[in-house]
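J.: I would like to see how this sequence folds:
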Amino acid sequence: MRIPATVGLALAFLLACPGSRAQAQGADLANRLGCLACHATGPRDKLAAPFNGVGARLTAGELAQSIAYPRQRHPRAKMPSYAYLPPAEQAALVEFLQTLK
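T.: A predicted model of the protein is given here:
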């Protein structure tokens, strides 16, 4: 798996600042992008894998890949690619998802 260098740098910077604004930005992005329409935060009653525990199940790199290129991990996934998001926003989503343990 290869993470684009800009995403990797943004991710490294944001992860070095725990509890940062990026975490809140990631939660806001997940809400605005409609992630919770398919990903549950409680019992599995939605279309996609639940978010609860995702931070313990996947590494930061796997989360970044799933956000930018979901079909590389799951070829039949219906999730759209968010590779168009600026690297800082992708990294903020990863940081937010890592808190869901």
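J.: got a pLDDT number for Tyr69?
T.: The predicted structure scores Tyr69 at 96 on the pLDDT scale.
J.: Could I get the pLDDT score of Gln23?
T.: The per-residue pLDDT reported for Gln23 equals 84.
J.: before we move on, what SS does it have?
T.: helix (DSSP: H, G, I helix; E, B strand; the rest coil).
J.: give the contact list for it.
T.: Residues in contact with Gln23 (C-beta atoms under 8 Å, 6 or more residues apart in numbering) are 92, 95-96, 99. C-beta here means a position set from N, CA and C on the backbone, and glycine is covered the same way.
J.: of the residues you listed, buried ones?
T.: Neighbour counting with 16 or more other C-beta atoms under 10 Å marks 92, 95-96 as buried within the contacts of Gln23.
J.: Between those residues, which sits nearest Thr41?
T.: Phe96 (11.8 Å; C-beta to C-beta).
J.: in this protein, which spans are helices?
T.: Secondary structure of the chain by DSSP state H: the helices cover 5-15, 21-32, 54-57, 60-68, 70-73, 87-98.
J.: who wins for proximity to Gly42 among those helices?
T.: That would be, of those and by C-beta to C-beta, helix 54-57, which comes in at 13.1 Å.
J.: ok, Gln98 touching Gly61?
T.: No - between Gln98 and Gly61 there is no contact, the gap being 11.0 Å when judged by C-beta atoms under 8 Å.
J.: Return the member of the contacts of Gln23 nearest to Ala30.
T.: Ala30 has its nearest neighbour among the contacts of Gln23 in Phe96, at 6.2 Å by C-beta to C-beta.
J.: confidence score at that closest one?
T.: As predicted, Phe96 sits at a pLDDT of 94.
J.: which residues touch it?
T.: Taking C-beta under 8 Å, 6+ apart as the definition of contact, the neighbours of Phe96 are 22-27, 29-30.
J.: Any quick ChimeraX command for the buried ones out of these?
T.: Restricted to buried positions by 16+ other C-beta under 10 Å, the ChimeraX selection for those reads:
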select :22,23,25,26,27,29,30
